[in-house]
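[1] Sequence first, then the predicted structure:
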Amino acid sequence: MKKLTINNRRYLGSKYKLLDFIDETIKNNCGEYNSVFDVFGGTGVVSNYFSEKGKKIYINDILKSNYCIYRAFLGNEKFSENKIKKIIDEYNRISDLEENYFSKNYKNTYFSENDCKKIGYIRENINKKFENKEINEREKYILIASLLYSMDKIANTVGHYDAYRKKQKLEDCFEMYNLDINKNQTIKNEIYNMDSNELAKKIKADIVYIDPPYNSRQYGDAYHLLENVAEWKKPKVYGVAKKMDRSKIKSNYCTNKASNAFKDLIKNCNCKYIIVSYNNMGQKGNARSQAKISDTEILEILNQKGKVKVFEQDFNFFTTGKTHIDNHKERLFLCEVCEQENEEPSYNANIISEFAKSPLNYVGGKYKLLNQLTKKFPSEVNTFVDYFCGGGNVGVNINAKKVIAVDKEKYLINVLNLFKNYSYTEIIDKLDNIIEKYKLSNTYINGYDYYKCDSSSGLGSYNKQRYLKLRNDYNKMKEESDEKTFKFLVLIIYGFNHQIRFNSSGEFNMPVGKRDFNGSIRKNLLAFCEKLKSKNIEFISEDFKKFKIDNLTSEDFCYFDPPYFLGDASYNENNNWTEKDEKDLLNYINKLNEKNIKFALSNVTQHRGEKNNILIDWAIENKYNINYLDYNYNNSNYHSKSKLNVTEEVLITNYSI
């Protein structure tokens, strides 16, 4: 007779095809280990894989049906293979059965009427054999697991029990199969059926493997029928799908409480390594398939526990048979737990790219130029002065012993100081509170459908009046405060193209935009905050002319990214950067050169057919180097596709590159 292995079942999120990926990640990063705690056991294939490698297993799941399967495949009690085979042969020969609980409730739904009578009879008989001591506890669970697997092979479903196919003709085809169980297991495993967060407080293992539910699909809903058979308490069932009360097996990981639950779980893990298996669903698929915990949150939470690396592999995701997902990847987040509480956890390059992008989409920001700029900057710098720092893209990403970021726009400096002085979690909490107060959209939690919007048309129609209310309240605030700055940050996030503009009266006047505080912005914010906090950086709000250079030496370096005299970007409206300002800046830079302080100036020598002769003449007269850069201002409202309107982006230096 054919034997069924532990992976011979249809189950949402099964990791059977990822076992080699998981094993390889552990081999290359975790060293020696003896025990694995599988917090959300699911199919049990991960625990079974490592059990066969001789590791001690702690496995848990909230579903009793999965618990029965673990007790069968991974249990410690001896069992008689011949006895099990004889009983299964007996069950496969039975016929002419009476109506029972299972056939009364499920006939001609997921199974034919006769098959339902068999299933009900067998489940009842397993209990009788155990009560009569004809079988031991391990043998009872093996028979229950065999029944569950055999049912799943023929069930009239697409792999779960949310519904059955109504027009399907049902045949009598139930056959019970033996299970292929490893009889050479020597290490005693520990098997649990309880709340994962509570259990985590009691278990100590070398590796904690976490594969939580990804979305709003409660596993108790998907496998209620198997759960009913496993428990065999014969509850009342209702509805077309014939579900019983499932309130005790609802998981917080399928709700908006998922992030808090995950944070609590990680906090209580007692181990050397934590491996979290999660995927990149984001906003892919339908709303119920979208991940409840973002990559950003996983990184932020794990970062509090230790050093984190991320690995990923292509994976064919199973939703409900209705949604095809392209470019789906399964991710493993590996956290090496810090031994000392005061040890500073950190990310590695796999998580945050070499350069962190500012959440402030300030016009003229140099994020896309960082790769070119940093190669042209001196390799060793004592103090790096970032004049006209704007959104902070350059200063935050520079390697120097100290960074001083200067900008006369105090609202920018106020925001950058928020990023410096508050933790990422505190920033998120304060922003989310403002979003909730003004009832702005939050697609990070609810998705676009919730607001009757879609990604292409955006969220402007929903947010407009709410955004204007926030903008009006912000403009009425006269005293500077962190509260005002947090509101300003929300305005930037929800404003048009995330840009900044004030009218002649000093009021913020950007219109509402298409996007909100989504996962992408949160990810940028996290990376930027982490990068910023790793620096010795000071933010100063003052005009460049007032910044004294007396304390700077030849070991320091000054970078200038002023408003462009030829440009007409929003920061240069109302004649904010004049010919006098341009000349004052160039004279200021000459003073740095006289002190043998290296500098680099970003600017344009040509734009829209005009040339900046003041800049060109100054560079030639002082024998400075003009280095041409390759850049396209995608965020600029003055960029032209016309070949006649070329913009020449340059970096002028007083040193050779």
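    Cool, got the structure.
[2] per-domain residue ranges of this protein.
    Domain segmentation of the chain under automatic domain parsing yields 3-337, 352-408+542-657, 409-519.
[3] For K535, which of those is the nearest?
    domain 352-408+542-657 (5.5 Å; CB to CB). Using the backbone N, CA and C atoms, a C-beta is placed for each residue, glycine as well.
[4] burial measure for P212, as a count.
    22 (other CB atoms under 10 Å).
[5] For K118, give me its contacts.
    Y91, I94, L97, F174 (CB atoms under 8 Å, 6 or more residues apart in numbering).
[6] one more time with 6 Å
    F174 (CB atoms under 6 Å, 6 or more residues apart in numbering).
[7] Tell me the pLDDT of it.
    pLDDT recorded at K118 is 98.
[8] With A349 instead?
    35.
[9] likewise L147?
    98.
[10] for the stretch 151-300 of the chain, what spans make up the strands?
    178-179, 190-192, 207-210, 273-279 (DSSP state E, counting those that start in this stretch).
[11] Same check on the stretch 301-450 of the chain?
    Under the criterion DSSP E, counting those that start in this stretch, strands of the stretch 301-450 of the chain are mapped to 306-314, 329-337, 383-387, 402-406.
[12] and the nearest residue to A200 once chain neighbours are set aside, how many neighbours does it have?
    Counting by CB to CB, 6 or more residues apart in numbering, A200 lies nearest to N268, which is 4.5 Å off, once chain neighbours are set aside. Using other CB under 10 Å, the number of residues around N268 comes to 14.
[13] ok, now how distant is N268 from I274?
    The spacing between N268 and I274, counted by CB to CB, to the nearest Å, is 11 Å.
[14] Equivalent analysis for E555, please.
    43 Å.
[15] Mind checking which of these two has more residues around it?
    Remark: of E555 and I274, I274 carries more neighbours, 23 against 14, as counted by other CB under 10 Å.
[16] who's in contact with the more buried one?
    I274 neighbours (CB under 6 Å, 6+ apart): V208, C335.
[17] Which strand residues bridge it?
    Using DSSP bridges, the beta-bridge partners of I274 come out as V208, C335.
[18] follow-up on the earlier one: how about CSV for the strands of the stretch 151-300 of the chain, with mean pLDDT added?
    Putting these into CSV (pLDDT from 0 to 100) gives the following:
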stretch, mean pLDDT
strand 178-179, 96
strand 190-192, 98
strand 207-210, 98
strand 273-279, 89
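[19] okay, now the residue nearest to V490 when sequence neighbours are not counted: neighbour count?
    When the adjacent residues along the chain are set aside, V490 lies closest to I434, with 4.9 Å between them (CB to CB, 6+ apart). Other residues lying near I434 total 19 when counted by other CB under 10 Å.
[20] I434 contacts F488, doesn't it?
    No. I434 sits out of contact with F488 when judged by CB atoms under 6 Å, with a separation of 10.2 Å.
[21] between the domains of the chain, which gets nearest to N536?
    Nearest of those (CB to CB): domain 352-408+542-657, 4.8 Å.
[22] what about the closest one, average pLDDT?
    84.
[23] Tell me how far it lies from the chain's centre.
    34 Å (CA atoms, centre = their mean, to the nearest Å).
[24] next helix or strand past the helix or strand encompassing L470?
    In this assignment (DSSP states H and E), L470 forms part of helix 460-476. Sequence order places helix 482-494 as the next helix or strand after helix 460-476, per DSSP H and E.
[25] Report the inter-axis angle for that following helix versus helix 460-476.
    Here helix 482-494 runs at an angle of 150 degrees relative to helix 460-476 (axes from the mean of the first three to the mean of the last three CA atoms, to 10 degrees).
[26] Which elements pack onto helix 482-494?
    Packing partners of helix 482-494 (3 or more CB pairs under 6 Å, 6 or more residues apart in numbering; DSSP states H and E): helix 410-421, helix 424-437, helix 460-476.
[27] Identify whichever of those helices lies nearest to N228.
    So among those, helix 424-437 is nearest, using CB to CB, at 39.2 Å.
[28] helices or strands up against that closest one?
    With 3+ CB pairs under 6 Å, 6+ apart as the test, helix 424-437 has helix 482-494 packed against it.
[29] Indicate which one of the helices and strands packed on helix 482-494 is closest to I84.
    Comparing these by CB to CB, helix 424-437 comes nearest, at 52.1 Å.
[30] average model confidence for the closest one?
    90.
[31] buried sites along that helix?
    By neighbour count on 16 or more other CB atoms under 10 Å, the buried set for helix 424-437 is Y424, I427, I428, K430, L431, I434, I435.
[32] Now do the contacts for N60.
    Here N60 is in contact with V39, G41, Y192, S196, L199 (CB under 6 Å, 6+ apart).
[33] Verify the stated contact: the fourth one with V39.
    Yes. Applying CB under 6 Å, one finds S196 in contact with V39, separated by 4.9 Å.
[34] For R138, give its distance to F79.
    On the measure of CB to CB, R138 and F79 end up 5 Å apart.
[35] And T157, by the same measure?
    Taking CB to CB, one finds T157 at 30 Å from F79.
[36] what do you get for C68?
    14 Å.
[37] Which one's more surrounded, those two?
    Higher neighbour count among C68 and F79: C68, with 26 against 20, using other CB under 10 Å.
[38] still on that earlier bit, may I see the domains of the chain arranged in a markdown table, with distance to A527 as well?
    Below are the domains of the chain laid out as a markdown table (distance: least, CB to CB, whole Å):
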| stretch | distance to A527 |
| --- | --- |
| domain 3-337 | 9 |
| domain 352-408+542-657 | 4 |
| domain 409-519 | 10 |
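[39] nearest to K533, of those domains?
    From these, taking CB to CB, the stretch that ends up closest is domain 409-519, at 7.1 Å.
[40] Sweet, I'm off.
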